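I would like to see how this sequence folds:
(one chain, ligands or ions: 1)
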Amino acid sequence: MALWGGRFSADTNKDVAEFTESVSFDKRLYKYDIAGSKAHAAMLASCRIIPEKTAKAICSELDRILKKIEDGSFKFTTELEDIHMHIESALIKALGDEGARVHTARSRNDQVCLDIRLYLRDEIKSISSGIKAFQKTLVKKAKANINVIMPGFTHLQHAQPVLFAHHLLAYVEMLKRDKTRMLDCLKRINVLPLGSGALAGTTLPINRETVRKILKFDSVSGNSMDSVADRDFACEFLSDLAIFAMHISRFSEDIILWSSQEFNFIELSDAFCTGSSLMPQKKNPDVAEISRGKTARVYGDLMALLTLCKGLPMTYNRDLQEDKEPLFDAIDTVNKILSVFPPMIATMELNKKRMLEAASDPALMATDLAEKLVEKGVPFRTAHHKVGSLVKWCRENKRSLNKLNLKEMKLSIPEASEDFLKLFSPESSVSKREVYGGTGPGQVKKQIELWLKKL
Ligand code: ARG
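Below you'll find the predicted structure:
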């Protein structure tokens, strides 16, 4: 008979037990469940709701249970529904009546919220330090390749030359936002729900502040009904993970394009690619492709959780048991991405010659020419038009912008002087973009130094 079986006269149908169990997936919360129970028992004793001796016995037995779970000798069975029931049953089995006191002034409804919050607190810390390590990898790669120039793209068309380092630092910025978003979410997570009972609090004189201190929460939840019904913090964290995955999918797309024969900007290490079972010549960028694919899965997890919570009446409903799998899946997926993506970037080789060549099309410096005219006092729109007609003239006469003599340039741009002819190298184009946040080497070096200090 289950721990809640008092009012029941028949055992649960076997299929129903299988259908309603959650221990197969919520057992990963064991550490947090035990920490929560220990804090709860200590508080119950300090409030004289249970004897001090009982609380001590409960805590040492909980430590034994923890060890047993960790060394694999603890037995899990679907008959005991969830991790909370497993631990409580083991406690009662070992301590009898003393163990049966742990669930005083507590419901699994507030208990499960506590466990998830404690678990997410740890996960956020480890994922954000994984993100930080990834940022470091990118900054180091940027520093090691500070002189590499490549075309920057808009609409996937060559736009203007940029430093490869600048491109990598763009991802460092995205990752910074991902990390700070997660750390911000931590504020909403770090609120103690325990003490809310099933939904309405308890008649017993507990002290929630004591538990808050033991478990190091920032504050205590102010409404017991909200506390047991709320999964906003999980939705929020999942959406943070979804945005992170979206960034990874964009980075993946860059890697996939760059490693294609058409671009040929990079060569991924063999250790991060696989071959085709049919075409012997193939080397595929699988890590990037699968990371892009896994993004779909993280979005799915977010959608599952949002849909789960949609329209649920107050307060706790058993539907909420389904919150864990999408949450765990998204966390596992992001951790897997973080284990393969950074080393893939660290080990990729750059085809610097090819990148520079692609950035050397003088058409990419057309804006530089227009801006030179602005320096000479021409309004930008007029300058844009003049350069446009020069580009057109070049196309019609099969000439290249960087091969023109002054006379030819003056046909469209009467203001031109000798120095106008020297604008067409990607190096000079990049070097002039020393505006704060621009791709000028001075600026990019400064950013690299700033990041190295921060990371
Ligand atoms: N396994 C449940 C969950 O994950 C724990 C709470 C169950 N509460 C209840 N009254 N049946 O949500």
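
Please count neighbours and contacts with C-alpha atoms only from this point.
Fine.

Which helix runs longest in this protein?
Using DSSP state H, we find that the single longest helix of the chain is helix 108-144.

what's the burial count for Ser412?
For Ser412, the tally of surrounding residues (other Cα atoms under 10 Å) stands at 18.

Report the separation between it and Ile124.
With distances taken as Cα to Cα, to the nearest Å, Ser412 is found 59 Å from Ile124.

And the pLDDT for the closest residue to the ligand within the stretch 351-455 of the chain?
Residue nearest to the ligand within the stretch 351-455 of the chain (Cα to the nearest ligand atom): Leu455, separated by 37.4 Å. Leu455 carries a pLDDT value of 94.

and it, how many neighbours does it have?
Burial measure for Leu455: 12 neighbouring residues, criterion other Cα under 10 Å.

what's near enough to touch it?
Lys132, Ala133, Gln135, Lys136 (Cα atoms under 8 Å, 6 or more residues apart in numbering).

Which one (most neighbours) among these?
Neighbour max across the contacts of Leu455 (other Cα under 10 Å) = Gln135, 24 neighbours.

Isn't that residue up against Leu168?
No: Gln135 is beyond contact range of Leu168, at 9.4 Å (criterion: Cα atoms under 8 Å).

Pull the contacting residues for the residue in the chain positioned nearest to the ligand.
As assessed by Cα to the nearest ligand atom, the ligand sits closest to Gln321 within the chain, at 3.5 Å. Applying Cα under 8 Å, 6+ apart to Gln321 gives the contacts Ser22.

mind redoing it with 7 Å?
By Cα atoms under 7 Å, 6 or more residues apart in numbering, the contact set of Gln321 is empty.

That one in helix, strand or coil?
helix (DSSP: H, G, I helix; E, B strand; the rest coil).

Repeat that for Asn264.
Using three-state DSSP, the structure places Asn264 in coil.

can you pull the contacts of it?
Trp258.

same check, this time on Ala142
Going by Cα under 7 Å, 6+ apart, Ala142 touches Ala165, Leu168.

pLDDT at it, what is it?
For Ala142, the model assigns a pLDDT of 98.

how near is it to Leu350?
To Leu350, Ala142 is 11 Å away according to Cα to Cα.

Gly300 too?
Distance of Gly300 to Leu350, computed by Cα to Cα: 34 Å.

again with Arg188
Using Cα to Cα, Arg188 is found at 43 Å from Leu350.

repeat for Lys141
Taking Cα to Cα, one finds Lys141 at 10 Å from Leu350.

What of Arg399?
For Arg399, the distance to Leu350 - Cα to Cα - is 31 Å.

Settle it for me: which of these two has more neighbours?
The residue with more neighbours, out of Arg399 and Leu350, is Leu350; 18 against 13, by other Cα under 10 Å.

What helices and strands are in contact with the helix or strand Asp63 falls within?
Using DSSP states H and E, Asp63 falls within helix 52-71. Under the contact criterion of 3 or more Cα pairs under 7 Å, 6 or more residues apart in numbering; DSSP states H and E, helix 52-71 touches helix 30-46.

Now the helix it packs on: average pLDDT?
pLDDT averaged over helix 30-46 gives 98.

buried sites along it?
30-46 (16 or more other Cα atoms under 10 Å).

quick one: low-confidence parts of this structure?
Across the chain, the stretches falling below the confidence threshold (pLDDT under 70) are 1.

which residue of it sits farthest from its center?
Most distant from the centre of the chain: Lys407, at 55.9 Å, with distances by Cα atoms, centre = their mean.

and that one, helix, strand or coil?
Under three-state DSSP, Lys407 comes out as helix.

Roughly how far does it sit from Ile49?
For Lys407, the distance to Ile49 - Cα to Cα - is 97 Å.

and the helix or strand containing Gly388, how far from the chain's centre?
Element membership of Gly388, judged by DSSP H and E, is helix 380-396. In this view, helix 380-396 has its centroid 45 Å away from the chain centroid, taken as Cα atoms, centre = their mean, to the nearest Å.

That one - contacts with which helices or strands?
Contacts defined by 3+ Cα pairs under 7 Å, 6+ apart place helix 380-396 against helix 366-375, helix 406-412.

any chance of those helices in a markdown table, with distance to Met355 too?
Formatted as a markdown table, those follow (distance: least, Cα to Cα, whole Å):
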| stretch | distance to Met355 |
| --- | --- |
| helix 366-375 | 19 |
| helix 406-412 | 28 |
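
is it possible to export those to JSON lines including distance to the ligand?
Converted to JSON lines, these look like this (distance: least, Cα to the nearest ligand atom, whole Å):
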{"stretch": "helix 366-375", "distance to the ligand": "59"}
{"stretch": "helix 406-412", "distance to the ligand": "73"}
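
Quick check: residues of the stretch 101-250 of the chain near the ligand?
Residues of the stretch 101-250 of the chain lying close to the ligand by Cα under 6 Å from any ligand atom are Arg108, Asn109, Val112.

5 Å instead?
Residues of the stretch 101-250 of the chain found near the ligand (Cα under 5 Å from any ligand atom) are Arg108, Asn109.

which stretches of the stretch 101-250 of the chain form helices?
108-144, 164-189, 208-215, 224-229, 232-258 (DSSP state H, counting those that start in this stretch).

Point out the most buried one among the helices and strands packed on helix 380-396.
Highest mean neighbour count of these: helix 366-375, a mean of 19 (counted as mean count of other Cα atoms under 10 Å).

Run the angle between that helix and helix 380-396 for me.
Orientation check (axes from the mean of the first three to the mean of the last three Cα atoms, to 10 degrees): helix 366-375 against helix 380-396 gives 140 degrees.

Show residues contacting helix 366-375.
In contact with helix 366-375 (Cα under 7 Å, 6+ apart) are residues Phe380, Ala383, His384, Val387, Leu423, Ser429.

For Ala17, what is the enclosing helix or strand?
Here Ala17 sits within helix 14-20, counting by DSSP H and E.

neighbouring contacts of the next helix or strand after that helix?
For helix 14-20, the following helix or strand on the C-terminal side (DSSP H and E) is helix 23-26. For helix 23-26, contacts defined as Cα under 7 Å, 6+ apart pick out Thr78, Glu81, Asp82, Ile83, Glu325.
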